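J.: any chance you could fold what I've pasted below:
(one chain, ligands or ions: 1)
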Amino acid sequence: MALEKFLFFFIQRRIKRMRKRIQKNDIAFLKKEITKITPKTTDYLLRFNIINGLKHAAKNSPYYRSLLQPILKELSFKNCKTIFRKIPFTTQEMVKEHPEQFLAVPREKIAALDFTYGSTGHRKVIYNSPWDLTAIINSYVLGFINCGLTEKEVVQIVYSFGIWGVANNILHATLKLGFLALPTGNYLSFQEQKEFIEKFGTTAILGTPSYIYNLAKEITLTPESKKKIKVIMMGGEGLPKHRRKVIEESLGGEIFLNYGLNELGGGIGSECKEHAGYHIFPNFLFEIVNPQTGEPVPDGEFGELVITTLKREAMPLIRYRTGDITRVLPEPCACGLPLPRIDYLKGRVDDRIVIGSAEKYYPSHFDEVLDPLEEVKDYWIEVTEEDGRDTLNVYILTNNGSGELEEKVIQKLLTIKSLKIDIEQTKTVNTPNIVFVSKAPPSAKRRRLVDKRKKGR
Ligand SMILES: [Zn+2]
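T.: Modelled structure (predicted):
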């Protein structure tokens with residue numbers, strides 16, 4: 001017990017020192033600190049954060065108060081990582097329906113409200129205290145440092161400014177580091193974005209992968225401007241391999257992909273220089289579970305990502321089911337950073353659709369085959385049922401709809417082996433129905449794969 005107290009004191013002192021330096025923007029110190037982290041320190045920090053995080057939620061959050069009381073009695077530095085699994089999951093529905101039940105600070109302590117993107121039409125309300133906001137902004141500051149942005153940078157933010165707080169928080173982080181910020185948002189034409197890049201000498205671009213991908217396809221930068229771009233930081237969605245190549249070739253710079261969820265306070269993990277999955281920040285505890293049973297899956301196997309916020313003050317979420325499918329990457333990363341890693345997302349639990357003879361598909365399956373087609377600007381697929389067989393209605397956003405492109409799209413789809421077998425041999429799937437459109441539907445985060453069959457499957 002005495003040892004535990006000493007450890008707590010020691011870690012607390014270290015965190016306080018770190019915070020002071022972050023507030024002072026002492027970049028050199030932070031860079032040194034990042035390289036000094038060892039697996040042992042991360043483990044201590046994690047345990048320390050689990051205990052403090054659970055205590056805070058149990059004391060202040062109406063939802064967790066009674067739920068956590070029995071666990072708290074047994075909780076110790078030694079058992080905190082295992083006993084944790086006894087706590088029931090928190091689902092997205094609970095947070096959506098009763099956000100105030102998760103509020104763990106008095107209302108007057110709320111500094112900002114944030115909202116999820118609302119891709120299904122119903123936004124979640126997210127509460128942030130002043131400390132939460134500082135933590136979110138600092139996580140971006142650390143992200144910038146991690147990908148090599150430490151000099152006088154010109155940062156162009158092409159995220160949507162508005163009800164979704166990500167763009168504003170990134171803007172604050174850039175101002176904190178003294179960068180020149182160009183908050184051009186995603187409302188300007190691609191040509192205007194290009195003018196900003198060239199006129200002000202942009203060195204970093206931040207935005208969603210789909211927006212930056214389209215920007216990369218639509219503009220051609222002068223070689224000088226391309227050379228100036230050092231970093232492209234993206235988040236909010238995944239990035240198929242092919243798109244990464246197109247963006248880097250067109251805009252220059254090195255891509256760093258982030259993974260985050262607004263309800264958990266923005267950034268949860270990010271890519272390092274190795275570009276091999278996401279390193280998870282120490283403010284979170286993650287688990288990978290079987291989406292059906294909720295049981296943990298062995299390391300390396302795909303399952304649903306479950307996250308616990310350990311440092312959130314206004315709205316702590318414990319064992320929150322993200323709905324995202326990924327896996328642990330158990331091998332140490334070549335970059336040397338001892339933070340655990342997860343793989344790029346395979347999709348979302350609710351994006352997974354069974355087509356034909358029981359094969360499961362994620363949107364990423366179709367990204368891989370359709371993205372390389374130059375003429376295809378975007379696409380989405382609706383699965384319907386005709387005469388007892390599944391039909392893929394493939395909507396293609398393009399300016400060049402032709403019989404030739406239709407044939408190309410079908411051939412590409414047939415490179416998905418299971419789909420080819422189901423169309424040609426098991427006859428459970430009809431030949432895909434290709435529909436060319438010149439305008440995408442308005443929803444910014446439209447789902448790519450939609451099940452329109454009566455019962456779904
Ligand atoms: Zn790494």
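J.: buried residues of stretch 291-300, list them for me.
T.: Burial within stretch 291-300, assessed by neighbour count using 16 or more other C-beta atoms under 10 Å, is assigned to Pro291, Gly294, Val297. The C-beta positions use only the backbone N, C-alpha and C, and glycine is treated the same way.
J.: first-to-last residue distance for that stretch?
T.: Across stretch 291-300, the terminal residues are separated by 15 Å (C-alpha to C-alpha, to the nearest Å).
J.: list the contacts of it.
T.: 85, 89, 287-290, 303-304, 325, 327-330, 349 (C-beta atoms under 8 Å, 6 or more residues apart in numbering).
J.: quick one: which of the buried residues of stretch 291-300 is nearest the ion?
T.: Val297 (22.4 Å; C-beta to the ion).
J.: please name the nearest non-neighbouring residue to that closest one.
T.: Using C-beta to C-beta, 6 or more residues apart in numbering and skipping the chain neighbours, the partner closest in space to Val297 is Gly303 (4.0 Å).
J.: contacting residues for the closest residue to Phe89 other than its chain neighbours?
T.: For Phe89, ignoring the flanking residues on the chain, the nearest one in space by C-beta to C-beta, 6+ apart is Arg319 at 4.8 Å. Neighbour list for Arg319: Phe84, Ile87, Pro88, Phe89, Thr90, Glu287, Val306, Thr308 [criterion: C-beta under 8 Å, 6+ apart].
J.: and for the third one, the neighbour number?
T.: A count of neighbours around Pro88, defined by other C-beta atoms under 10 Å, yields 9.
J.: which stretches of the chain have low pLDDT?
T.: The model of the chain has pLDDT under 70 over residues 1-4, 7-8, 19, 22-27, 30-31, 34-35, 116-122, 441-446, 455-457.
J.: enumerate the residues of it near the ion.
T.: Cys272, Glu274, Cys333, Cys335, Leu337 (C-beta under 5 Å from the ion).
J.: report the closest residue of the stretch 151-300 of the chain relative to the ion.
T.: For the stretch 151-300 of the chain, C-beta to the ion, closest residue to the ion: Cys272, 3.2 Å.
J.: which residue sits closest to that residue in space, ignoring its chain neighbours?
T.: Cys335 (4.3 Å).
J.: so the one you found sits in a strand?
T.: No. Assessed with DSSP: H, G, I helix; E, B strand; the rest coil, Cys335 is coil; it does not lie in a strand.
J.: which residues touch it?
T.: So Cys335 contacts Cys272, Lys273, Glu274 (C-beta under 8 Å, 6+ apart).
J.: just the endpoints, please. Distance across stretch 86-98?
T.: 23 Å.
J.: also stretch 328-335?
T.: 17 Å.
J.: enumerate the positions of that stretch that are buried.
T.: Those would be Val328, Leu329, Cys333, Cys335, for stretch 328-335 by 16+ other C-beta under 10 Å.
J.: is the residue most central in space within the chain in a helix, a strand, or coil?
T.: When C-alpha atoms, centre = their mean is applied to the chain, the residue found nearest the centroid is Tyr259 (2.6 Å). When classified by three-state DSSP, Tyr259 comes out as strand.
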